[in-house]
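S.K.: for reference, the sequence and a predicted model appear below.
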Amino acid sequence: YRYAKGEHMRIVTGTIHHETSTFTTVPTTWESYRNRRFGFLRGQQVLDKFTDTNTALGGFVDGCADHDFELIPTIFASAHPSAPTPREIFDEILSEMLGAMRSAGIIDGVLMDLHGAMVVEGIDDGEGHVLAAVRDLVGPDVPIVAQFDIHSNVSRQMVEMADVMIGHETFPEIDQQERGKECVDVMHRILREGLRPTLALYQLPLAWGMNQVTAHPPMRSAIELLHEIEARPRVICGSIATCFPLADTPDMGASVYIATDDDEALAQSYADELGQWLWERRADWQLVMPSTRDALTLADTAGSYPVIFADRNDNTGGGAPGDSTGMLQTFINADLQDACILYMVDPEAVTLCQQAGVGAELTLTVGGKSTPIQGHPVEMTATVVALGDGHFLYDGPRNRGLAGNMGPSAHLVQRGVHVLVVSHREQPYDTAFARSMELDPQNMRYIGVKSAAHFRAGFEAWSGAIHVVSEPNVHSAEAVAGRFKNLRRKVYPFEDVW
């Protein structure tokens, strides 16, 4: 494919997006795709939703406008992280996307918005399966360029089916739109400048820990080396995937993938170089996570406020239920003042608050209802400060321009501990929802979030200190230990690999 600049190009795009935990108790259903997050979208609905947003699709729209490409959307299917997608649901989604691509007629390229850690019942490598189906449809000569999450478990099938893969370079991931535009820039070079991508993969036997925030060392040094390699002659782009460790699949693990212009050996040498550099520093990527109680002692000794406690393992963005009670119980036992928890997923508690009404005091239990592993429900005698339907607009870097929906929600306060109780699972990317519920986290001294790192995009700039903690839940080390059955190799740090 080589065309003169200005010739009309037709680019089709599709999204099948899911980060899958094989250890969570949260099921994935049709409702997960149709009625959560941004809904199941078709055709023009996709462009209406994502134009001018910090998303991969927002970047695709911008890039196609810059290069005078016609962008033809098919479907957008994205479920919040949860358990493997049932095969019949996946097959129906994939069939609809392929049918829409077929109906698009003659196309010049394909832009895919994928996650990289999707598991389907009976299919360990969801994205590899999707890309293979698209490749079978469009043939060997139509270029496929795909954007991926930084937490991808990259397989060789993905690399073989796509011409170019481009992963996020930030965590918190706030570069989706930028990477989307980069995908279109590469597509332009393929179609109009004769670029011939060759893609290489280096898989590490490594489950990356929580030292992966790209603005801070040691992760910052890894991104700097990646950028140095990307600046070398004949390199198109490169990515580091830190993996999604909560997936018991053969390809679970970190990886590096590099694309060069018509030189596979060069691409492989650079992927090997960066991969080996990362492996030599494998211990640097791990982080010991204390309990909230121990972190609270450390925080008060240091005295840097406001202090944020991030419960990494009950992060709904990783598929957790979001109702682990360890952090809430610790806050209450310590009788903290000017403290808040964002968020506790408990629709039953919200219903009781609605029945009581704003200003009422009631005794109820909060959290710990999805499974006993999440801890005992916490009894609270609290006042209902505010009630809401959960609808709000994101105003932080992550999801900028999009509407959010936490479902029916309540703001409770017991003495000095405020709790936002919600019906839908989502992590706090910024403070917009809290403020809509009459709670400004910046006025708090102690802030607990059910999030691994994405909260940093909207919280870190004004925080005094951040402690990543772990409480008993479905994703804690104790809960998943010994349950990996499908790894095809030993993986550090689960097992020492030297």
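M.R.: In hand now; what should we look at?
S.K.: surely R435 is within a helix?
M.R.: Yes: using DSSP: H, G, I helix; E, B strand; the rest coil, the assignment for R435 is a helix.
S.K.: buried ones in stretch 141-152, by neighbour count?
M.R.: By neighbour count with 16 or more other CB atoms under 10 Å, stretch 141-152 contains the buried residues 142-152. In this view, the C-beta of every residue, glycine as well, is placed from N, C-alpha and C.
S.K.: got it, and stretch 73-88?
M.R.: Result for stretch 73-88 [16+ other CB under 10 Å]: buried residues 73-86.
S.K.: swap in stretch 460-472?
M.R.: Using 16+ other CB under 10 Å as the test for burial, stretch 460-472 gives 463, 466-472.
S.K.: just the mean pLDDT for stretch 38-52, thanks.
M.R.: Stretch 38-52 carries an average pLDDT of 95.
S.K.: what are the contacting residues of it?
M.R.: With CB atoms under 8 Å, 6 or more residues apart in numbering as the test, stretch 38-52 has contacts from 13, 15, 33-34, 57-58, 61, 71, 73-78, 100, 401-402.
S.K.: filter those residues down to the ones in helices?
M.R.: Taking DSSP state H, the ones among the contacts of stretch 38-52 that sit in helices are 33-34, 57-58, 61, 100.
S.K.: pLDDT weak spots in the chain?
M.R.: Scanning the chain for pLDDT under 70 picks out the ranges 1-6, 496-498.
S.K.: point to the residue nearest the middle of it.
M.R.: Averaging the C-alpha coordinates of the chain gives a centre point, and the residue nearest to it by CA atoms, centre = their mean is G317 (6.1 Å).
S.K.: excluding its backbone neighbours, what's nearest that residue?
M.R.: With sequence-adjacent residues excluded and distances taken as CB to CB, 6 or more residues apart in numbering, G317 is closest to Q427, at 4.3 Å.
S.K.: that neighbour: what's it in contact with?
M.R.: Shown in contact with Q427 (CB under 8 Å, 6+ apart): 315-317, 449-452, 454-455.
S.K.: among the residues you listed, who's most crowded?
M.R.: For those, the largest neighbour count, defined by other CB atoms under 10 Å, is 31 neighbours, found at K450.
S.K.: I'd say that one and L342 touch.
M.R.: Yes: under the criterion of CB atoms under 8 Å, K450 lies in contact with L342, with a separation of 7.0 Å.
S.K.: where do the contact lists of those two overlap?
M.R.: Common contacts of K450 and L342, defined by CB under 8 Å, 6+ apart, comprise P428.
S.K.: show me what contacts Q268?
M.R.: Under the criterion of CB under 8 Å, 6+ apart, the contact partners of Q268 comprise 200, 202, 258.
S.K.: could you list the buried residues of whatever helix or strand it lives in?
M.R.: Under the criterion of DSSP states H and E, Q268 resides in helix 264-280. Taking 16+ other CB under 10 Å as the neighbour-count basis, helix 264-280 is seen to contain the buried residues 266-268, 270-271, 274-275, 278-279.
S.K.: of these, which pair is most distant in space?
M.R.: With distances taken as CB to CB, the most widely separated pair in the buried residues of helix 264-280 is L266 and W279, at 20.3 Å.
S.K.: hmm, back to that, how about the ones in helices among the contacts of stretch 38-52, which pair is most distant?
M.R.: The two members of those with the most space between them (CB to CB) are R34 and V61, at 23.2 Å.
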